[in-house]
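Enquirer: Using only what follows, build the 3D model:
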Amino acid sequence: MATQYTILKGDCRDKLKELPDNSVDSIVTDPPYGLSKEPDIFEVLTKWMNGEPYDHGHGGFMGKTWDSFVPHPDIWREVYRVLKPGGHSLVFAGTRTQDLMTIALRLAGFEVRDVIEWLYFSGFPKSMDVSKAFDRRAGVEREVIGQKWAERYPNGPGGNSFTVGGEVDGTRTAANTLLTAPATELAKKWGGWGTALKPAHEPIIVVRKPLEGTVCDNVERWGTGAINVDGCRIGDGYDRASGGLRKAKHAENEPSFSLAMNQDKRPMGGRFPANIVTTESDAFWSKYCDVTATQGNVTPQELSKKASKRDRNSDWRGEEIASQNSHPTVKPTELMAWLVSLVTPPGGTVLDPFAGSGSTLVAAKREGFGFIGIEREPEYVEIIEVRTGEVAN
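Expert: Have a look, this model is predicted:
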């Protein structure tokens, strides 16, 4: 049977109803995180438990209305319906709203199996400087007393960085930030205090539709219920996409998940896949995670990146495309390839009900899986078509 690729243009609330029961093998999706105004949790849960819709009424990430709130349980019930018994769903979530995403998935009938933490360490802190806020409230200008290069340029593009007392300005230019001194007494008292941590990970909720019988019974009948451990082992320096017959070749700083395989495409080694993943090969966790470390300007040579320019603007073969990908939350192709390979049986079909610019679909096609992608926004559907080489219905 030929591999099928389907792009459905429209709201997933409607398009999911067109799909048959128990018809897809896995779900890998990056749905709206709902990173907007804090909801009234009692109202949310009351409506969800009563099967009623909840209207949040606020814009989401970068003002996008589609990101106003996490998908409701009724959407996940449809996803649950079309997924085969034992099938896994990998659902990205925001750190502030993963609890709501998980509750919605549970209410739809899914079993929570794990949470994969995607580590990247290159996020930009969205913290308000409390000291500066006090000075702004007082209408007082702060004295500029110095300059500090941004973390990615610890010594500046052509000279040494320096630090003079005061706080780093939260508004970064291309390469540097200003150092200003607190002016009011309250600003001096609360110098160095903020409101948020620097983002360095995103959770991927691992859920499964309940098995029919035992694992063996379910795998035998449906081909689902297990994860591809050997096919997703980590860390050996070989290009998994090419079957491990050549060393991986990547642009400078470009991430790669990799697996060594012999000519029969059986794994030759690598570490057992864990529930933390990154797209950077170097182990530098302590520089970011050891809270007892001495403070200082410690920046590794390479950071674990989020989606690169190549991720955004290449097709499923990895070839550059002409159109620019304007989607605000593109995921790295190598990350998505690892995820679809983890939960999709050979020859299986991956569903992404929130396809965005098609990162899941690109990865699925590259790895030899079929896909069904649903996307509501016309501008993103066009990007999907270019990246996958398929035409939307």
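
Enquirer: any chance you could map the strands in the protein?
Expert: When secondary structure is read from DSSP state E, the chain shows strands at 5-9, 24-29, 83-92, 111-119, 143-149, 167-168, 176-181, 201-208, 276-278, 349-352, 370-375.

Enquirer: Select, out of these, the one closest to Ser127.
Expert: Minimum separation from Ser127 across those (C-beta to C-beta) falls at strand 167-168, 10.8 Å. (Each C-beta comes from the backbone N, C-alpha and C, glycine too.)

Enquirer: Kindly state the pLDDT recorded for the residue nearest to Leu119 when sequence neighbours are not counted?
Expert: If the residues on either side of it in the chain are set aside, Leu119 comes closest to Thr278, at 4.4 Å by C-beta to C-beta, 6 or more residues apart in numbering. At Thr278, the model reports a pLDDT of 73.

Enquirer: that older thread, ranked by average pLDDT, which of the strands of the chain falls at the bottom?
Expert: strand 167-168 (a mean of 36).

Enquirer: Which residue ranges make up the domains of this structure?
Expert: The record assigns the chain these domain ranges, following automatic domain parsing: 5-121+199-229+273-388, 130-189, 230-272.

Enquirer: residue contacts, Phe92?
Expert: Contacts were defined as C-beta atoms under 8 Å, 6 or more residues apart in numbering; by that measure Phe92 touches 29-31, 33, 118, 202-205, 331.

Enquirer: again, but for Trp222
Expert: Trp222 touches 22, 84-87, 212, counting by C-beta under 8 Å, 6+ apart.

Enquirer: same thing but 6 Å
Expert: 84-86 (C-beta atoms under 6 Å, 6 or more residues apart in numbering).

Enquirer: any idea how far Glu390 is from it?
Expert: According to C-beta to C-beta, to the nearest Å, Trp222 stands 26 Å off from Glu390.

Enquirer: Check Pro39 too.
Expert: For Pro39, the distance to Glu390 under the criterion C-beta to C-beta works out to 37 Å.

Enquirer: One more: Ile75?
Expert: The separation that Ile75 has from Glu390, given C-beta to C-beta, amounts to 24 Å.

Enquirer: Same question for Phe369.
Expert: As judged by C-beta to C-beta, Phe369 and Glu390 stand 13 Å apart.

Enquirer: Counting neighbours, go ahead and name the busier of those two.
Expert: When Phe369 is set against Glu390 and neighbours are counted by other C-beta atoms under 10 Å, the residue ahead is Phe369, at 25 against 19.

Enquirer: I'd say the more buried one and Val350 touch.
Expert: Yes. With contact taken as C-beta atoms under 6 Å, Phe369 and Val350 are classed as touching, separated by 5.3 Å.

Enquirer: Overlap of the contact sets of the two?
Expert: Common contacts of Phe369 and Val350, defined by C-beta under 6 Å, 6+ apart, comprise 340, 344.

Enquirer: and the residue nearest to Gln324 when sequence neighbours are not counted, how many residues sit next to it?
Expert: For Gln324, ignoring the flanking residues on the chain, the nearest one in space by C-beta to C-beta, 6+ apart is Asn313 at 6.2 Å. Applying other C-beta under 10 Å, we find 19 other residues in the vicinity of Asn313.

Enquirer: Read off the pLDDT value for Asn313.
Expert: 70.

Enquirer: how close does it get to Asp352?
Expert: As for Asn313, its distance to Asp352 is 19 Å (criterion: C-beta to C-beta).

Enquirer: same check, this time on Glu382
Expert: 17 Å.

Enquirer: Which one's more surrounded, the two?
Expert: In this view Glu382 and Asp352 are compared by other C-beta under 10 Å, and Asp352 has more residues nearby, 29 against 15.

Enquirer: Which pLDDT does the model give the residue nearest to that one when sequence neighbours are not counted?
Expert: In this structure, Asp352 finds its nearest non-sequential neighbour in Thr360, 4.1 Å apart by C-beta to C-beta, 6+ apart. According to the model's per-residue confidence, Thr360 sits at a pLDDT of 95.

Enquirer: how about Thr360, what does it touch?
Expert: The neighbours of Thr360, taking C-beta under 6 Å, 6+ apart as the test, are 28, 336, 352.

Enquirer: switch the cut-off to 7 Å
Expert: Thr360 makes contact with 28-29, 336, 340, 350, 352, 373 under the criterion C-beta atoms under 7 Å, 6 or more residues apart in numbering.

Enquirer: what does Asp352 give?
Expert: Going by C-beta under 7 Å, 6+ apart, the list of residues near Asp352 reads 28-29, 360-361, 373.

Enquirer: Any chance of TSV for those residues, columns distance to Trp48?
Expert: Formatted as TSV, the entries for these read as follows, by distance: C-beta to C-beta, whole Å:
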residue	distance to Trp48
Val28	24
Thr29	19
Thr360	26
Leu361	29
Gly373	26
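
Enquirer: Against Pro203, how distant is Val277?
Expert: Where Pro203 is concerned, Val277 sits at a distance of 11 Å (C-beta to C-beta).

Enquirer: now swap in Lys17 and tell me
Expert: Counting by C-beta to C-beta, the separation of Lys17 from Pro203 is 29 Å.

Enquirer: Of the two, which one has the most company?
Expert: Pro203 (19 against 10).

Enquirer: my guess is that one contacts Gln98, does it?
Expert: Yes. Between Pro203 and Gln98 there is a contact at 4.8 Å, judged by C-beta atoms under 7 Å.
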